[in-house]
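Asker: sequence first, then the predicted structure:
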Amino acid sequence: MTIESFYHGGGEEKDAFLGIVEAFNASQDEVTVDVQSVPEGTYNDSVQAAAASGELPEVLDFDGPNLYNYAWNGNLIPLDECLEQSTVDRLLPSIVEQGTYNGQLYGVGAFDSGVVLYAYRSALEEVGARIPEGIEDAWTAEEFTTILGDLQEQGYDNPLDLHMWYGRQGEWFSYAFSPIVQSAGGDLIDRSDYQTARGALDTPEVVDAMTTFQSWFTNGYVNVEAQDDTPFLRQESPIAWNGMWAYATGYEEAVGDDLAVIPLPDFGTGSKTGMGSWQFGITSGAEDPDAAAAFLEFLLSQENLLTMYEAVGAPPSTDVALAETDIYSADGPMHIVTDALNEAPEIAVPRPQTPAYPTITQSFAQAIDDISQGGDVQEALEAAVESIDQDIEDNGGYPIQE
């Protein structure tokens, strides 16, 4: 039989995935996977349109936090009875956390992600800054802010690239900056029942943390003119707040031994980091879920996880595969990312596991945009809370679909 699969993206990642599909098709004669490429920029719109017309493929890939809305709408089936338990047991805690909704596993990924600070050791040494060696050793927010000021005085006009140029329309603002909220002891929503953001996103501690964030812009520490990685690669901005992908896609090669990989600052309750990436699920319209699951089992094999790692540079989704990588192993230069993923959800925090997430991320991104441009911090967070809570109310609290 033939099963259809959507796939986002392009480049080496897509080539690697198509190679795995070809190998799966050649490995047996019972199931053939046929891949339809869907542009990443309009991917969610394409999925929604396919769901509305009853034309979803059997295998669907999706950005992790979109899973919850898809599952709530009945577009996905639980994987608990489809995948071998031994396969699930090998997955990183972060992969399982991101793929779980209402106590059931709906998505699995070939790799995960994380956010870190990259810095030039030589620049930090110029200002006498200590260089953290691990998550427990993270800079405090106050310490980090002082270092930025010292670097500016040293001649680095805008020492920090927050990659604001990635844009508000995607997931960057929520993925990269919600760890500030969580490190301050808050969250994007109250996860006890997912019914309100009030008391989570608008606490005094979160307001203080986001006021510190705003001060980086007010004081000119942030390079707001950056349009690519040039300021960091030229050491004009010697600290970059970026995803783990940057190490293998240019930073290590350009900076070499002068590159330090540092956990995000601690705003009060310990350093946190973003996590989650694209995952795969089986749609509710699949005629033979076991056939689709056979492909997912093949994708999650050690060999194929390492194939995706070589193409993407992201941490593979099992400990065993991670140990075989040159950068995410225990003594590798990116071990901070691995350490965080193994401590999910305490350090690597999944984005809120609720079908309200599309509104949550849009509202928080708007708050980040307003705050970075000098808007009142309390008002920006309150506006986000009101938008999130209104969406939840409009959807009757997103009751679990039976």
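Answerer: Everything's here; your move. Numbers count the residues shown, from 1 in each chain.

Asker: use CA for all of it now, contacts and neighbours both
Answerer: Fine.

Asker: now the strands for this structure?
Answerer: Using DSSP state E, the strands found in the chain span residues 2-7, 32-37, 59-63, 100-101, 104-105, 115-120, 160-161, 239-243, 259-262, 278-282.

Asker: what number of residues lie near residue 378?
Answerer: If you count neighbours by other Cα atoms under 10 Å, residue 378 ends up with 19.

Asker: likewise the one 10 residues further on?
Answerer: The criterion is other Cα under 10 Å. On that basis, residue 388 has 27 neighbouring residues.

Asker: could you list the low-pLDDT ranges of this protein?
Answerer: For the chain, the stretches with pLDDT under 70 are 168-169, 402.

Asker: now with 50, please.
Answerer: For the chain, no stretch has pLDDT under 50.

Asker: most tightly surrounded among the strands of the chain?
Answerer: strand 160-161 (a mean of 27; mean count of other Cα atoms under 10 Å).

Asker: re the thing from before, reformat the strands of the chain as JSON lines; add distance to residue 385.
Answerer: Formatted as JSON lines, those follow (distance: least, Cα to Cα, whole Å):
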{"stretch": "strand 2-7", "distance to residue 385": "33"}
{"stretch": "strand 32-37", "distance to residue 385": "36"}
{"stretch": "strand 59-63", "distance to residue 385": "23"}
{"stretch": "strand 100-101", "distance to residue 385": "22"}
{"stretch": "strand 104-105", "distance to residue 385": "28"}
{"stretch": "strand 115-120", "distance to residue 385": "25"}
{"stretch": "strand 160-161", "distance to residue 385": "28"}
{"stretch": "strand 239-243", "distance to residue 385": "26"}
{"stretch": "strand 259-262", "distance to residue 385": "31"}
{"stretch": "strand 278-282", "distance to residue 385": "27"}
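
Asker: nearest to residue 396, of those?
Answerer: Taking Cα to Cα, strand 100-101 is the member of the strands of the chain nearest to residue 396, at 17.9 Å.

Asker: strands paired with that closest one, and their directions?
Answerer: Sheet pairing of strand 100-101 (DSSP bridges) gives strand 104-105 (antiparallel).

Asker: show me how far the partner strand is from its chain's centre.
Answerer: 19 Å (Cα atoms, centre = their mean, to the nearest Å).

Asker: how many neighbours does the spatially closest residue to residue 255 that is not a sequence neighbour have?
Answerer: Closest residue to residue 255 apart from its sequence neighbours, by Cα to Cα, 6 or more residues apart in numbering: residue 233 at 7.2 Å. Residue 233: 19 surrounding residues under other Cα under 10 Å.

Asker: nearest to residue 75, out of the strands of the chain?
Answerer: It's strand 278-282; of those, that one is closest to residue 75 (Cα to Cα) at 8.5 Å.

Asker: quick one: list the elements packing against the closest one.
Answerer: Applying 3 or more Cα pairs under 8 Å, 6 or more residues apart in numbering; DSSP states H and E, we find strand 278-282 packed against strand 59-63, helix 289-299.

Asker: and these as JSON lines, adding distance to residue 3?
Answerer: JSON lines is the format used below for the helices and strands packed on strand 278-282 (distance: least, Cα to Cα, whole Å):
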{"stretch": "strand 59-63", "distance to residue 3": "7"}
{"stretch": "helix 289-299", "distance to residue 3": "7"}
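
Asker: what's near enough to touch residue 317?
Answerer: Residue 317 sits next to 91, 92, 95, 109, 110, 111, 112, 305 when contact means Cα atoms under 8 Å, 6 or more residues apart in numbering.

Asker: out of the residues you listed, which is nearest to residue 342?
Answerer: When these are compared against residue 342 (criterion: Cα to Cα), the nearest one is residue 92, at 6.4 Å.

Asker: the nearest residue to the closest one once chain neighbours are set aside and residue 190, how far apart?
Answerer: Of all residues not flanking residue 92 in the chain, residue 318 sits nearest, at 5.2 Å (Cα to Cα, 6+ apart). Distance from residue 318 to residue 190, counting by Cα to Cα, to the nearest Å: 29 Å.
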